[in-house]
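Asks: coordinates for the following, if possible.
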Amino acid sequence: MSEIKILGFAGSLRKGSYNKMLLQEAVRLAPQNAQIETFDLAGIPLYNQDEENDPPQRVKEFKAKIRASDALLIVTPEYNYSIPGVLKNAIDWASRPYGDNAFDGKPVAIMSASTGMIGGARAQYHLRQICVFLNMYPVNTPEVFVSFAPQKFDENGRLTDENTKRFITQLLQNLVHWALILKFGRQRVLEVHA
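Replies: Numbering: from 1, shown residues only. All right, here's what the predicted structure looks like:
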């Protein structure tokens, strides 16, 4: 079977973002039959419906990369019990105008990192609601919530927590399996892996 192309992006613009570090760790842990390309949301302007039929170049690039991917990996911080404005803004651009939703039918995995105890869980659950409306297919398990993130990354931005690495590895394997099923059909995937 062909290699699965995953587009990964983090809902943070901060240079020292734990969620960006988590995304880079996912790139290193990607299964052999998958490749994760990352996209930085910096440079996407505020959504303006007046411009949605001819969006800015950065938005066109983002939508093209989403469409060219077999699956998505979204890594998000939690702000005020929800996803950050920068992520919501990018989602709004990529899903508009009506009838031109780049996310339609895409399998997606979600992860989050937080300095607090909950690890971004509320943001993930809110993002899953958005995925339903956008007709995306989220991977349900395992849930990857990285709590107390400053204690789990070293000074080079590398994840040091082995349990978290195992969860990320399993999540990515499940995403690839889900993407293969959606791309080729369940029976064919089962036959290949038999």
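
Asks: pLDDT (mean, whole number) over the strand or helix carrying residue 124?
Replies: Using DSSP states H and E, residue 124 sits within helix 121-133. The pLDDT scores in helix 121-133 average 97.

Asks: what stretches of the chain score poorly on pLDDT?
Replies: Counting by pLDDT under 70, the chain shows low-confidence ranges at 1, 186-194.

Asks: let's see that with 80 instead.
Replies: 1-2, 186-194 (pLDDT under 80).

Asks: just the helices in this protein please.
Replies: 18-29, 57-68, 85-94, 121-133, 162-184, 186-193 (DSSP state H).

Asks: and residue 3, which of the ones you listed is closest to it?
Replies: helix 162-184 (9.3 Å; Cβ to Cβ). (C-beta placed from N, C-alpha, C; glycine too.)

Asks: could you dump the helices of the chain to a markdown table with distance to residue 44 and mean neighbour count?
Replies: Shown next, in a markdown table, are the helices of the chain (distance: least, Cβ to Cβ, whole Å; neighbours: other Cβ atoms under 10 Å):
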| stretch | distance to residue 44 | mean neighbour count |
| --- | --- | --- |
| helix 18-29 | 15 | 22 |
| helix 57-68 | 5 | 16 |
| helix 85-94 | 5 | 20 |
| helix 121-133 | 16 | 17 |
| helix 162-184 | 24 | 18 |
| helix 186-193 | 34 | 11 |
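
Asks: now for those helices, which one comes closest to residue 39?
Replies: Closest approach to residue 39 among those (Cβ to Cβ): helix 57-68, 5.6 Å.

Asks: got the contact list for residue 157?
Replies: Counting by Cβ atoms under 8 Å, 6 or more residues apart in numbering, residue 157 touches 16, 21, 24.

Asks: turn those residues into CSV, including distance to residue 152.
Replies: As requested, these are exported to CSV (distance: Cβ to Cβ, whole Å):
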residue, distance to residue 152
16, 14
21, 9
24, 14
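
Asks: so for this structure, the centremost residue is which one?
Replies: residue 74 (1.6 Å; Cα atoms, centre = their mean).

Asks: the closest residue to that residue other than its chain neighbours and residue 141, how far apart?
Replies: The shortest distance from residue 74 to any non-neighbouring residue, by Cβ to Cβ, 6 or more residues apart in numbering, is to residue 110 (5.3 Å). Distance, residue 110 to residue 141, by Cβ to Cβ, to the nearest Å: 11 Å.

Asks: for those two, indicate the residue with more neighbours.
Replies: Between residue 110 and residue 141, residue 110 has the larger neighbour count (other Cβ atoms under 10 Å), namely 25 against 9.
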